[in-house]
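Colleague: just the structure for this:
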Amino acid sequence: MIKNLSIKLFVSLSIAGCISTYGQCAPVSEFSENFDALFCCNMGVVPPCWDSYVTQDGGNQIISNTAPASSPRNVYQIGYNKVSIVIMPPLSNINAGTHHFKFKARVNPGSAPGFLEFGYITDVANISTFVVLQPIIISNGTYNSTSERTFDVPTTVPANARLAIRNPGATFVGHYWDDAIWEPKSNLGTDEIKIDNVKIYPNPFKDAINISGVKNAEVLKVTDVSGRVIKTIVKPSSEINLSDLKSGVYFLTIQLKGEKVQTFKVIKE
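Modeller: Just a heads-up that it's a prediction; the model follows:
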């Protein structure tokens, strides 16, 4: 029997790196974490029931109070070709399709775009079990209106998986993130989305999505949560085949005649 779940354990892996963990915790259905109870600047610091993986050859993950911050402290990850992973607490509903994850992210002001990955890990002692669900490109140098990202999690994710943010070491950029939340999805967007006379349905969708109430649509663009354009369709029809997209959250931007633009959030199952 585990008597103290807040005892911090360090497991050194002779080749891969070091894992920091707070022991076993009962799965939760929701969480909200702003990291303000933690302190700079030891490596691999995370809240109770979270885990952190930092490679021994230079992976870097700390709690930082570097300004600007959305609150006094936030997570900081850096390291070119050096990997670090922050692993969230166990969830009882990770694959229920009822909740989503959101957080705020920024990079060092004036630096090149940063690159993190949202995904899950099935074995906190094995870095190779991390699976990418969504790449995250970050260009903003402050916590502003573009810093918040929201991610849905496919129902195909294993029930024992843990959500995680990985810095794969793709850039020299320093990444900051904060205000991590696992919360119920809003009712908006789970059925039909209506703005003026335009209707997008079904939502969530599997292979195709229908658009009604649109006349003289010039261009339809599909972007992911990082703002990357996935698909551009000129003169779109009323039914759009999106079967080639991976499961996740996307935005459909419809440009109407006269340069009027409307954007809709959709979910691919």
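
Colleague: SS state for residue 156?
Modeller: coil (DSSP: H, G, I helix; E, B strand; the rest coil).

Colleague: gap between it and residue 206?
Modeller: Residue 156 sits 13 Å away from residue 206, going by Cβ to Cβ, to the nearest Å. Every residue, glycine included, has its C-beta placed from N, CA and C.

Colleague: which intervals of the stretch 1-150 of the chain have sub-threshold pLDDT?
Modeller: Applying pLDDT under 70 to the stretch 1-150 of the chain picks out residues 1-23, 68-70.

Colleague: could you report the pLDDT at the spatially closest residue to residue 120 that is not a sequence neighbour?
Modeller: Ranked by Cβ to Cβ, 6 or more residues apart in numbering and with sequence neighbours excluded, the top spatial neighbour of residue 120 is residue 161, at 4.0 Å. Note for residue 161: predicted pLDDT of 97.

Colleague: show the contacting residues for the spatially most central residue of the chain.
Modeller: Nearest to the mean C-alpha position of the chain, by Cα atoms, centre = their mean, lies residue 118 at 4.2 Å. Going by Cβ atoms under 8 Å, 6 or more residues apart in numbering, residue 118 touches 101, 132, 133, 134, 135, 136, 149, 151, 163, 164, 165.

Colleague: in space, what's closest to the first one - neighbours in sequence excluded?
Modeller: To tie it back to what came earlier, the one meant is residue 101. residue 151 (4.9 Å).

Colleague: how about the third one?
Modeller: Counting by Cβ to Cβ, 6+ apart, residue 133 lies nearest to residue 119, which is 4.5 Å off, once chain neighbours are set aside.

Colleague: likewise the fifth one?
Modeller: Nearest non-adjacent residue to residue 135, counting by Cβ to Cβ, 6+ apart: residue 117, 5.7 Å away.

Colleague: could you do the fourth one as well?
Modeller: Among residues not flanking residue 134 along the chain, residue 118 sits closest, at 4.6 Å (Cβ to Cβ, 6+ apart).

Colleague: residue 219 touches residue 262, doesn't it?
Modeller: No: look at residue 219 against residue 262 with Cβ atoms under 8 Å: they stay out of range, at 11.8 Å.

Colleague: shared neighbours, these two?
Modeller: residue 254.

Colleague: doesn't residue 173 make contact with residue 114?
Modeller: Yes: counting by Cβ under 8 Å, residue 114 touches residue 173, with 4.0 Å between them.

Colleague: who's more crowded, those two?
Modeller: residue 114 (26 against 19; other Cβ atoms under 10 Å).

Colleague: which residues touch residue 152?
Modeller: Contacts of residue 152 by Cβ under 8 Å, 6+ apart are 97, 100, 185, 247, 248, 249, 267.

Colleague: retrieve the pLDDT associated with the residue lying closest to residue 115 once chain neighbours are set aside.
Modeller: Leaving aside its chain neighbours, residue 115 sits nearest to residue 170 (4.5 Å; criterion: Cβ to Cβ, 6+ apart). Note on residue 170: pLDDT of 92.

Colleague: next, residue 170: secondary structure please.
Modeller: Once three-state DSSP is applied, residue 170 turns out coil.

Colleague: burial check on it, number of neighbours?
Modeller: That count, for residue 170 with other Cβ under 10 Å as the rule, works out to 14.

Colleague: and it, what are its phi and psi?
Modeller: phi -80, psi -20 (degrees, to the nearest 10).

Colleague: I'd like to know how far it sits from residue 129.
Modeller: 20 Å.

Colleague: try residue 116
Modeller: 18 Å.
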